[in-house]
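**Student:** no sequence on this one, just coordinates:
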């Protein structure tokens with residue numbers, strides 16, 4: 001009988017795979033933090049009173065939406081050197097993922113901001129607040145509460161999308177498994193362990209997002225009553 005799952009191989013290679021998982025988590029955290037701030041700037045620019053700035057943001061978002069993330073990663077790492085821009089693989093991966101998720105998350109921000117009642121803006125203006133002050137103290141805190149579960153789901157997706165970074169030689173967990181499997185041909189064992197590692201991180205994160213969503217909804221129900 002063919003032994004599909006080799007426990008000895010799993011144990012022997014658990015250390016390298018775990019190191020790859022650490023790179024995956026690091027990549028996710030770095031991109032999450034940067035894209036949160038970048039997406040907010042993009043969202044605010046997209047609602048600017050300057051027509052040309054709105055068009056620039058719209059063009060950027062449409063280009064990102066209209067091209068695959070894998071192509072964006074490959075472009076950053078393999079195409080930019082043709083014009084003299086050479087980036088380390090980790091930096092290229094972070095940049096491509098940030099630009100990709102920044103576009104999508106900016107739309108989430110925009111939806112959350114526009115979901116705030118117009119009366120909130122009017123009340124802030126009546127109190128003598130500038131637009132920027134009203135956004136910081138009144139609009140954004142409420143919008144973030146609305147979009148928090150959606151942001152959580154996006155970043156769970158980001159954690160899994162980092163697997164595409166193997167295309168630009170970032171040694172995250174999937175790329176590590178591919179390298180090891182190419183040498184010992186234990187594909188079933190290594191990819192099963194890799195899948196278990198992804199699940200061990202993404203499942204608790206998904207449960208946390210679900211909890212935040214329930215808390216958020218509960219908060220709104222209490223406010224309405």
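**Tutor:** Perfect, thanks for sending it. All values reported here derive from a predicted model rather than from experimental measurement.
**Student:** number of residues surrounding the spatially closest residue to residue 138 that is not a sequence neighbour?
**Tutor:** By the measure of C-beta to C-beta, 6 or more residues apart in numbering, the closest residue to residue 138 outside its immediate chain neighbours is residue 124, 5.2 Å from it. In this view, the C-beta of every residue, glycine as well, is placed from N, C-alpha and C. Look at residue 124: counted by other C-beta atoms under 10 Å, it has 18 neighbours.
**Student:** quick one: average pLDDT of the longest helix along the chain?
**Tutor:** The longest helix of the chain (DSSP state H) is helix 187-224. The average pLDDT for helix 187-224 rounds to 83.
**Student:** cool, stretch 148-159 as well?
**Tutor:** The model assigns stretch 148-159 a mean pLDDT of 90.
**Student:** likewise for stretch 93-105?
**Tutor:** The model assigns stretch 93-105 a mean pLDDT of 96.
**Student:** show me the contact partners of it.
**Tutor:** Identification of contacts with stretch 93-105 by C-beta atoms under 8 Å, 6 or more residues apart in numbering yields 27, 30-31, 34-36, 38-39, 42, 60-61, 64-65, 69, 72-73, 75-77, 87, 151, 154-155, 158, 161-162, 165, 168, 170.
**Student:** just these: which are in helices?
**Tutor:** The helices, defined by DSSP H, take in 27, 30-31, 34-36, 38-39, 42, 60-61, 64-65, 69, 72-73, 151, 154-155, 158, 161 from the contacts of stretch 93-105.
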